[in-house]
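[1] Below is the structure, and that's it, no one-letter string:
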């Protein structure tokens, strides 16, 4: 009953949330900690998962790859809808992370540091057709690192699903130039003077 | 249809997964990266969320608190069922994490280091009745740090929901001595000689 009710939630709901609950910290930095990357709205995540599943339904996806931590909630809801497992790349290795790893470097402009992200190689195989999911697309560095890991495994990147794209930054253009199919649920054209406008 | 089917999945499914896909790395360390903390089985997470929602349904919970990264998937599925928001404490601060923070120290035996975990204080208020969710209960340090943060805010810890409890370690006893209501979905009695036995 509850789950059915959410099926009517369109991505307009996401844009409303961004307008009502997002905070523009600078012309480049949008804070969405009220519903996406610190506090999470599970019902909105389900709607996001349904939308990604719909947009990528013809892509024969058998695995989802995301990056900890903020990608996990939307990725898991997408995996639930698509009935496929979700892998999250790790920014730091734990003691239990033994065995062969696929790694890539990604520079985070938010944190002003370079991280090496890792995925255990046993989770990606040549025959996999992988959907990459992330919360934000800004400079595209995280998505490119995830795509690099998929390709190191000899697997295919079926597409890239982004919750919030800052279209005025380089990432979207960069990913499309490299031939990736990108689907962004909310595309922000500008945040000048603290006002968010969508494409 | 798909979601309805999962309602029959009992926590026996979790125990089966632990037996079939878990790896005992030492007498204390269990690796469950195939379905919980690196690769995630979204359908199992939904079943876990349903089970926590059932066990805590009389507790008037209005918020869930977990710790990045492995707590996020079970916590979000629980939040979906209980229709409440989920907050994940952060191990590292991002540039957008401005404003007042509630912090607590937690020593990770897996990573052999002390982390400071943080929650923006705007997300916890005196009137909140909080369910803490985490993937593992071993020494109880993470759960205690999360409880400490809830109590710093003047809010109440309604209970603690754990996916896998290693009952032979101190955490469970410690939390119960402090008066917390703990619900663990799989309780491991021992992992001697690489054999997992449940309580």
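    All right, it came through fine. Since this is a predicted model, take the numbers as computed values, not measurements. Residues are numbered from 1 along each chain as shown, chains lettered A, B, ... in the order given.

[2] Let me see the ranges of the helices in chain A.
    Assigned by DSSP state H, the helices in chain A fall at A:2-6, A:11-21, A:42-55, A:72-82, A:141-152, A:171-177.

[3] Which among those helices is found nearest to residue A:112?
    Nearest of those to residue A:112, taken as Cβ to Cβ: helix A:141-152 at 12.5 Å. From N, CA and C alone the C-beta is placed, and that goes for glycine too.

[4] list the buried ones in that closest one?
    For helix A:141-152, the neighbour count (16 or more other Cβ atoms under 10 Å in any protein chain shown) marks A:141-150 as buried.

[5] now do stretch A:11-28
    So, applying 16+ other Cβ under 10 Å, buried residues of stretch A:11-28: A:13-15, A:17-18, A:22, A:24.

[6] what would the helices of chain A look like in TSV with mean pLDDT and distance to chain B?
    Below are the helices of chain A laid out as TSV (pLDDT from 0 to 100; distance: least, Cβ to the nearest Cβ, whole Å):
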stretch	mean pLDDT	distance to chain B
helix A:2-6	43	6
helix A:11-21	95	11
helix A:42-55	98	4
helix A:72-82	98	4
helix A:141-152	97	13
helix A:171-177	97	17
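
[7] middle-most residue in chain A, spatially?
    When Cα atoms, centre = their mean is applied to chain A, the residue found nearest the centroid is residue A:134 (1.0 Å).

[8] dump the residue contacts of that residue.
    The contact partners of residue A:134, by Cβ atoms under 8 Å, 6 or more residues apart in numbering or on different chains, come to A:66-67, A:70-71, A:142-143, A:146, A:160-163.

[9] is the longest strand seen in chain A up against chain B anywhere?
    The longest strand of chain A (DSSP state E) is strand A:156-166. No - Strand A:156-166 stays out of contact with chain B when judged by Cβ under 8 Å from any Cβ of the partner chain, the minimum separation being 12.8 Å.

[10] list the helices and strands that strand packs on?
    Applying 3 or more Cβ pairs under 8 Å, 6 or more residues apart in numbering or on different chains; DSSP states H and E, we find strand A:156-166 packed against helix A:11-21, helix A:42-55, helix A:72-82, strand A:129-137, helix A:141-152, helix A:171-177, strand A:182-190.

[11] mean confidence score for that strand?
    Computed over strand A:156-166, the mean pLDDT rounds to 98.

[12] For the residue lying closest to the residue nearest to the centre of chain A once chain neighbours are set aside, grab the count of nearby residues.
    Distances taken as Cβ to Cβ, 6 or more residues apart in numbering or on different chains place residue A:71 nearest to residue A:134, at 4.8 Å, with adjacent residues excluded. For residue A:71, the number of neighbouring residues by other Cβ atoms under 10 Å in any protein chain shown comes to 29.

[13] can I assume residue A:71 is in contact with residue A:86?
    No - Residue A:71 lies out of contact with residue A:86 (Cβ atoms under 8 Å); the separation is 9.2 Å.

[14] can you tell if stretch A:111-127 touches chain B?
    Yes - Stretch A:111-127 reaches chain B (Cβ under 8 Å from any Cβ) through A:111-112, A:119-120, A:123.

[15] Look up phi and psi at residue A:68.
    Phi and psi for residue A:68, reported as degrees, to the nearest 10, are phi -70, psi 150.

[16] got a list of what it touches?
    If you count contacts by Cβ under 8 Å, 6+ apart, residue A:68 has them with A:88-91, B:68-69.

[17] Just give me the least confident of those.
    residue A:91 (90).

[18] distance of that residue from residue B:45?
    According to Cβ to Cβ, to the nearest Å, residue A:91 stands 21 Å off from residue B:45.

[19] Among those two, which residue is more densely surrounded?
    Comparing residue A:91 with residue B:45 by other Cβ under 10 Å, the one with more neighbours is residue B:45, at 27 against 19.

[20] The more buried one contacts residue B:71, correct?
    No - Residue B:45 lies out of contact with residue B:71 (Cβ under 8 Å); the separation is 11.1 Å.

[21] what sits in contact with each of those two?
    Taking Cβ under 8 Å, 6+ apart as the contact rule, residue B:45 and residue B:71 touch no residue in common.

[22] Span of stretch A:22-31 from start to end?
    6 Å (Cα to Cα, to the nearest Å).

[23] Going by distance to residue B:198, which of the contacts of residue A:134 wins?
    Closest to residue B:198 out of these is residue A:66 (31.0 Å), distances taken as Cβ to Cβ.

[24] Look up how far residue B:62 lies from that closest one.
    Remark: distance between residue A:66 and residue B:62 (Cβ to Cβ) = 28 Å.

[25] These two - which one has more neighbours?
    A direct count of neighbours by other Cβ under 10 Å for residue A:66 and residue B:62 places residue A:66 higher, at 27 against 17.

[26] Tell me how far the more buried one lies from residue B:171.
    From residue A:66 across to residue B:171, the span is 29 Å (Cβ to Cβ).

[27] Report how many residues lie close to residue A:54.
    11.

[28] coming back round to it: and the gap between the residue nearest to the centre of chain A and chain B?
    From residue A:134 across to chain B, the span is 14 Å (Cβ to the nearest Cβ, to the nearest Å).
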